[in-house]
Every structure is written in C-alpha cells, then in structure tokens.
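A.B. asks: Predicted model, plus sequence, below.
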Amino acid sequence: MAYTITYSPNLPKGGGWPSFYGYHPEMMVGMNSDFFSFKNGNINIHNSNDNGRARFYSEESTDGDTSIVVFTTPFIETVFNENPVEAKVYKALKVSGNSSSISSTMSTDMHSGNISSFEKKEDSYYSFINMPITDTETDMRFSQGIGVCNSNTAANSIQFDLPSINTMISIGDRVLSAGPLNNNIANTPPVFLGTITAITSTDTTTTITTTGGSTASTNDFVYAVPNPLTSDESHGLTGHYMITKINMNSSSLVELYAVDADKMKSYP
C-alpha cells in the first residue's frame, strides 16, 4: 500500500513524521510559499481553497482517471492508555474544535463502537459511547432480570407466571435467555430471544411479544437489556486502552484542537 507522509524537523526530540495523506503524487515541490504536486503529468497547487479542502486531483477525476478519489476524509487517530493494567469503561467522547461535521470510531482490546454525530455543549462537541447491540458478553453488565418461562412459551411469545414484571423492562429492549434455571446458568452462553414489541399482563401472567430472535424454552431464565442505540444510558466500551479515530467529514475548513474521553474503572 502506498503512503504519502510528511516530515517536520520542528517536532520535539529531533523531528518526526506527523501526518499521512490520501493523495499519491508523482512529484512534490515547495516554491514561493506555495506547495505543488504533479499527477498524470499535470501540476496541482495544494494551498488553495478553490476546490475545497482535502479534494485532491479533482480535475484528474473529471478528465477520466477513475483511480482518483476526489475527497479523502481527513482524520486523526489517538490512543487513550492511562493505567494500562487497569480495565476501564469509556463512557463518552469530547472533541474541541470548530465544526460538528465529525464522526468517530473506537476500539479497545475487548470491544468496538462508533459515533455518527456529536452534540455541541459549551463550545465543544460531546457524544455518549455505545457498543454494538450484538455483543452478548457485556449485555450482563446492564441486564434486568425478568423471570422463568412457563410451559406456555411459544415462538415470539414468552410467558411468565407473574402478574407484573420489572418496571424497568420496556418496548425496544433486547431479551436473552441464560438457559434452564436448574443448570449452571453462569456457564451457559446467552441466547438472543428477540426485541420486545409488546408487554401484556393478566391477573396471573405476563406475556412478552418479541421479534427477530430464537424461541425460549420452558424453565429458561430470561433477562432484558436496553438497546444501547436507543437508550438514554451510555453502555460505553470496556477495555484497558481505547484507539480513537476522529473523522472530519467536510471539505470546508475544520479545525480540531483536542480530544478527551470520560471513563471510569471497570469493576467485574
């Protein structure tokens, strides 16, 4: 894979290579405070706003060079790695800059997630960090117990011998089975039973209607987990470190000054 990188002699400890670029020129030269590069034998000036920022060789694309990607999304990538031997839950991301046209992807040594939009607060941009809803391992950290299925449980319908259930269970939550109650459920992989679409109760039973999952079995212990993509609570990402990539999704001027993460110690 080809890379275009820059060297800066002014960085601490004798200089360094601070940036990677998404364009691949045939030749580059600086002259009279301008920066030029050559592609397909044509000269291009880079320090100009005429075509928008990060839009490299747009005229080459117009001329029919299908290998040219006109807009290359600028990004920075950093690692949060304080106390590397201590597991943490990364709850939120704060970005100081001048634009809301940003998104982010994050990964730890255990999980991964993404942020599609940020909210402006006190001149910075914030967003909760939520993990993918397919991750059943960390579901247990946020689970709310419901009860044991009775013999009338069927496909997309889970029935309990209870006139009411945990009031924290709601439409949109994910329902999972921990296995039969008379087994060692701590060692049973969770089974996704679907997403709650309705909850109905009588004087003696409660029925949960689901969609998109497996069928529960009689005597299964069932619990629910809020969908992190619709819940007001941030599930966060658990890990010893977090690699964070901030994408600047605009060809206009975007300045980014600092990135910070809200985190807490994880207690298993």
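C.D. replies: That came through, no problem. Residues are numbered from 1 along each chain as shown.

A.B. asks: Would you confirm that Thr105 contacts Lys245?
C.D. replies: Yes. With contact defined as Cβ atoms under 8 Å, Thr105 counts as touching Lys245 (4.9 Å). The way it works is simple: take the backbone N, C-alpha and C, and place the C-beta from them, glycine included.

A.B. asks: May I ask which helix or strand encompasses the residue nearest the centre of the chain?
C.D. replies: In the chain, the C-alpha nearest the mean C-alpha coordinate belongs to Asn114, at 1.5 Å (Cα atoms, centre = their mean). Taking DSSP states H and E as the criterion, Asn114 maps to strand 112-115.

A.B. asks: gap between that strand and the chain center?
C.D. replies: Relative to the centre of its chain, strand 112-115 is centred 1 Å away, using Cα atoms, centre = their mean, to the nearest Å.

A.B. asks: ok so Ile196 is a strand residue?
C.D. replies: Yes. Per DSSP: H, G, I helix; E, B strand; the rest coil, Ile196 lies within a strand segment.

A.B. asks: before we move on, back to that, leaving out sequence neighbours, find the closest residue to the residue nearest to the centre of the chain.
C.D. replies: Using Cβ to Cβ, 6 or more residues apart in numbering and skipping residues adjacent in sequence, the residue nearest Asn114 is Thr105, 4.7 Å away.

A.B. asks: That neighbour belongs to a strand?
C.D. replies: Yes. Assignment of Thr105 by three-state DSSP places it within a strand.

A.B. asks: contacting residues for it?
C.D. replies: Residues near Thr105 by Cβ atoms under 8 Å, 6 or more residues apart in numbering: 112-115, 244-245, 247.

A.B. asks: Endpoint to endpoint, stretch 40-47 covers what distance?
C.D. replies: Criterion Cα to Cα, to the nearest Å; first-to-last residue distance in stretch 40-47 is 19 Å.

A.B. asks: Would you mind checking the average pLDDT for that stretch?
C.D. replies: Confidence over stretch 40-47 (mean pLDDT, whole number) is 88.

A.B. asks: That stretch: which residues count as buried?
C.D. replies: By 16 or more other Cβ atoms under 10 Å, the buried positions in stretch 40-47 come out as Asn44.

A.B. asks: Run through who's touching that stretch.
C.D. replies: By Cβ under 8 Å, 6+ apart, the residues outside stretch 40-47 that reach it are 25-26, 33-38, 56-57, 59-60, 63, 65.

A.B. asks: at 10 Å what do you get?
C.D. replies: Contact with stretch 40-47 is made by 21, 23, 25-30, 33-38, 51, 53, 56-60, 63, 65, 67-68, as judged by Cβ atoms under 10 Å, 6 or more residues apart in numbering.

A.B. asks: and it, how far from the chain's centre?
C.D. replies: Taking Cα atoms, centre = their mean, one finds the center of stretch 40-47 at 37 Å from the center of the full chain.

A.B. asks: who's in contact with Phe118?
C.D. replies: For Phe118, the contact set (Cβ under 10 Å, 6+ apart) comprises 93-95, 97, 99-104, 124-127, 246.

A.B. asks: Select only the buried ones of those residues in ChimeraX?
C.D. replies: Here is the ChimeraX command that selects only those of the contacts of Phe118 that count as buried (16+ other Cβ under 10 Å):
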select :93,94,95,97,99,102,103,104,125,126,127,246
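
A.B. asks: Closest to Val225 out of the contacts of Phe118?
C.D. replies: For the contacts of Phe118, the residue nearest Val225 by Cβ to Cβ is Ser127; the value is 20.8 Å.

A.B. asks: Parallel or antiparallel, list what pairs with the one helix or strand Ile246 maps to.
C.D. replies: Under the criterion of DSSP H and E, Ile246 resides in strand 242-248. Partner strands and pairing direction for strand 242-248 (DSSP bridges) are strand 75-80 (antiparallel), strand 102-108 (antiparallel).

A.B. asks: how about that strand as CSV, C-alpha atoms only?
C.D. replies: Output in CSV follows, covering the C-alpha atoms of strand 242-248 (Å, rounded to 0.1, in the frame of the first residue of the first chain):
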residue,chain,number,x,y,z
MET,A,242,-9.1,2.8,23.5
ILE,A,243,-7.9,3.6,20.0
THR,A,244,-10.0,6.6,18.8
LYS,A,245,-10.3,7.8,15.2
ILE,A,246,-11.9,11.2,14.6
ASN,A,247,-13.1,11.8,11.0
MET,A,248,-13.6,15.3,9.7
